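Chemist: need the 3D shape of this:
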Amino acid sequence: GGQRVSRQFELTVRPAWPGVVSSRAQQLAPDARLNLGTAELAGLMADTATLRLTVSTHPPIPYARALQELLAYPYGCVEQTTTRGFAALLLDADTAARMGISGLDDNSRRQRLEGALGRLAALQLANGHFAFWGGGDSAVPILTPYIAEFLLLARDAGFAVPESVLQKTLERLSEDLLSGGLPFYAYDQADHLRLAYQAHAGYVLATLNRAPLGTLRALWDNQRDKALSGLPLLHLGLALQAQGDAGRGAQAIAAALARKDARPRWLGDYGSALRDRAQMLALLQQHGLRPDGFDDQLLALSRELQARPGDRYWLSTQEQIALARLGKGLLTEGDSRIAGAWALGDAREALPERRSFSRDFHAAELARGLRLHSTAASPLFVSVDVAGVPSVAPKADDSAVSVQRRWFHADGKPWQGGPLREGQSLVAALRVESRETMADALLVDLLPAGLEIENLNLTDPAQWSDVVIEGVTLSERSDAAQIQHEEYRDDRYVAALKLQAGQPAQLFYLVRAVTPGTYVAPPPQVEDMYRPMLRGVGEPRPASITVLEP
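Modeler: Got it, this is the predicted structure:
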């Protein structure tokens, strides 16, 4: 009847395995030149690869890359939710311009903050602490001061923080501080965690002039030797100064910078030696302090980052937000300025007269040749961060943790491979085994694009009572792994779980063939969320899956 209809649909397309980041740094002497090209992106899919060039007057810290990765982080426990909200809070328009990244517009930034605040409200327990994933989780008190710090900074920045959530959090911190802290009985380093919790709580309350000075003094006088790192002492020192004891505060800050890190391989506070050092420097910047030893600590932090192998540049969310907070402070500090020019092909542009310059370059731009020339009177620091998806699948790696995936028919018989018919179902069986205990393991199993995931928990348990796969009856599969949280997404299965050293964990999910075609089978991967160097990559067997029409 003369009517014309046009419909358009957007389909998200992603590679079959995750991206990687590599980084290197160097000094650029006065009147020196640096040439970069597409060779920097070797081994990466060109359409996914970017090179970030950062020139600064201070030792290189990858704060811009850390912020970008946090904003793109796809998972949401209470720590990750808070940290992603923190990243959005830090990335106002001025900060984005100084870092040379696109950042977030006001509406996107507000939506991200509102999303984080709403999620935190849903995770808060009646006692004021927060559950890690929700759904009946027990509290994780060590994170409560960190969450309170974020809530206060968000409120100070003008965002609508739920007042009931904030007040319940602050009341919890105040009661715990006055009562002598929490015991942390389930942890090996309970004394450190108790002090770290009290010191952080005292710091948060001191920003509101609500921390009891006598309690803070008692912590410094009697408990300071229990700190395994400098961060609790710094929190305590800042709190003492804010509440009026400048003498003890200065002593605590000096002790924090002098304290050698004695953290064990796992402590239970979601941090690391790198996180603690970066967070200490960020807090000192935030409060306008630059005590003796600050510059040495900053240089040591930069050297530690540079010493990491180029192809293993993994940072936890806690490490990333600490670096981002530090970077934001460094961008506005001091009078020194960079000087020089950068050029792409025949196009030349002067470096801006500020402390730092940062810009992303894509493969097509690098093909024209990127050149940097310093005209500064003193050496500049240059860092080159390369991010992208490898052109070949990651190699299997079971050096720290092994992960294997096998496929079975719905009756429990092994699937021998070959084409699947549209509508046909398979059960994916995953076996994960770590060489050391991991309290915060994250398993991510990306799906071949022609398959659709189905939640086994929504099916009738009786359907699986007679199905046994690798010794596990599917109706009783919950006993085969210590699963803390599961997600069944459009393109992946995700599970957060606890792994005991040498004890295999077995997990299962259901898939259905839905789209004819031939698809790459991604490898399963697992990592420790807060020690990301501990990770494992499985082998995809088969390497591809074909789906046929019925």
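
Chemist: please count neighbours and contacts with C-alpha atoms only from this point.
Modeler: Noted.

Chemist: packing partners of the strand or helix carrying Ala122?
Modeler: Secondary-structure element containing Ala122, defined by DSSP states H and E: helix 106-123. For helix 106-123, the contact count by 3 or more Cα pairs under 8 Å, 6 or more residues apart in numbering; DSSP states H and E identifies helix 78-90 as packing neighbours.

Chemist: what packs against the helix or strand following the helix it packs on?
Modeler: From helix 78-90 onward toward the C-terminus, using DSSP H and E, the following helix or strand is helix 93-99. Under the contact definition 3+ Cα pairs under 8 Å, 6+ apart, helix 93-99 sits against helix 317-331, strand 356-362.

Chemist: rebuild the ones you listed as CSV, extending it with distance to Leu90.
Modeler: Formatted as CSV, these follow (distance: least, Cα to Cα, whole Å):
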stretch, distance to Leu90
helix 317-331, 7
strand 356-362, 17
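
Chemist: re earlier: contacts for the helix holding Ala122, please.
Modeler: Contacting residues not belonging to helix 106-123 are listed as 78, 81-82, 84-85, 88-89, 92, 130-134, 159-162, 165 [Cα atoms under 8 Å, 6 or more residues apart in numbering].

Chemist: repeat that for stretch 402-420.
Modeler: With Cα under 8 Å, 6+ apart as the contact definition, stretch 402-420 has outside contacts at 425-434, 467-469, 513, 524-526, 536-542, 545-548.

Chemist: of the residues you listed, grab the buried ones for ChimeraX.
Modeler: The buried subset of the contacts of stretch 402-420, as determined by 16 or more other Cα atoms under 10 Å, is captured in ChimeraX by this line:
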select :425,426,427,428,429,430,431,432,433,434,467,468,469,513,524,525,526,536,537,538,539,540,542,545,546,547,548
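
Chemist: inside strands: which ones of the contacts of stretch 402-420?
Modeler: 425-434, 468-469, 513, 525-526, 536-537, 545-548 (DSSP state E).

Chemist: for stretch 76-90, buried residues please.
Modeler: Using 16+ other Cα under 10 Å as the burial criterion, the residues of stretch 76-90 that qualify are 77-90.

Chemist: from these, which is closest to Ala190?
Modeler: Glu79 (20.2 Å; Cα to Cα).

Chemist: now do the contacts for that closest one.
Modeler: The neighbourhood of Glu79, defined by Cα under 8 Å, 6+ apart, consists of Phe132, Leu143, Ile147.

Chemist: inside strands: which ones of those residues?
Modeler: Judged by DSSP E, strands contain none of the contacts of Glu79.

Chemist: I'd like these as a markdown table, with neighbour count appended.
Modeler: Conversion of the contacts of Glu79 to a markdown table gives the following (neighbours: other Cα atoms under 10 Å):
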| residue | neighbour count |
| --- | --- |
| Phe132 | 24 |
| Leu143 | 20 |
| Ile147 | 22 |
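
Chemist: output those residues as JSON lines; include the columns distance to Ala227.
Modeler: What follows is the contacts of Glu79, written out as JSON lines (distance: Cα to Cα, whole Å):
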{"residue": "Phe132", "distance to Ala227": "25"}
{"residue": "Leu143", "distance to Ala227": "17"}
{"residue": "Ile147", "distance to Ala227": "21"}
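
Chemist: of those, closest to Ala400?
Modeler: Relative to Ala400, the closest of the contacts of Glu79 is Phe132; by Cα to Cα it sits at 24.7 Å.

Chemist: so how far is the helix holding Ala122 off the chain centroid?
Modeler: Once both centres are worked out by Cα atoms, centre = their mean, to the nearest Å, helix 106-123 turns out to sit 17 Å from its chain's centre.

Chemist: name the residues of that helix that come out as buried.
Modeler: For helix 106-123, the neighbour count (16+ other Cα under 10 Å) marks Arg109, Arg110, Arg112, Leu113, Glu114, Ala116, Leu117, Arg119, Leu120, Ala121, Leu123 as buried.

Chemist: in CSV, list those along with pLDDT and distance to Phe408.
Modeler: Converted to CSV, the buried residues of helix 106-123 look like this (pLDDT from 0 to 100; distance: Cα to Cα, whole Å):
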residue, pLDDT, distance to Phe408
Arg109, 95, 44
Arg110, 96, 46
Arg112, 96, 40
Leu113, 97, 43
Glu114, 97, 43
Ala116, 97, 39
Leu117, 98, 42
Arg119, 97, 37
Leu120, 97, 39
Ala121, 97, 41
Leu123, 96, 36
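
Chemist: now, among those, which is nearest to Ala363?
Modeler: Closest to Ala363, out of all of the buried residues of helix 106-123 and judged by Cα to Cα, is Arg109, at 28.9 Å.

Chemist: distance of that closest one relative to Arg371?
Modeler: Distance, Arg109 to Arg371, using Cα to Cα, to the nearest Å: 34 Å.

Chemist: what does Gly230 give?
Modeler: Note on Gly230: its distance to Arg371, by Cα to Cα, is 41 Å.

Chemist: next: Leu234.
Modeler: The value you get for Leu234 to Arg371, if Cα to Cα is used, is 42 Å.

Chemist: now tell me which helix or strand of the chain has the poorest mean pLDDT.
Modeler: Taking mean pLDDT, DSSP states H and E as the measure, the chain has helix 93-99 as its least confident helix or strand, at a mean of 83.

Chemist: how far does that helix sit from its chain's centre?
Modeler: Relative to the mean C-alpha coordinate of its chain, helix 93-99 is positioned 21 Å out (Cα atoms, centre = their mean).

Chemist: what lies in contact with that helix?
Modeler: Where contact means Cα under 8 Å, 6+ apart, the residues beyond helix 93-99 that reach it are Ala64, Ser102, Gly103, Leu104, Asp105, Lys328, Leu331, Ser356, Phe357, Ser358, Arg359.

Chemist: can you tell me the SS state at the second one?
Modeler: Read it as Ser102. Under DSSP: H, G, I helix; E, B strand; the rest coil, the three-state class of Ser102 is coil.
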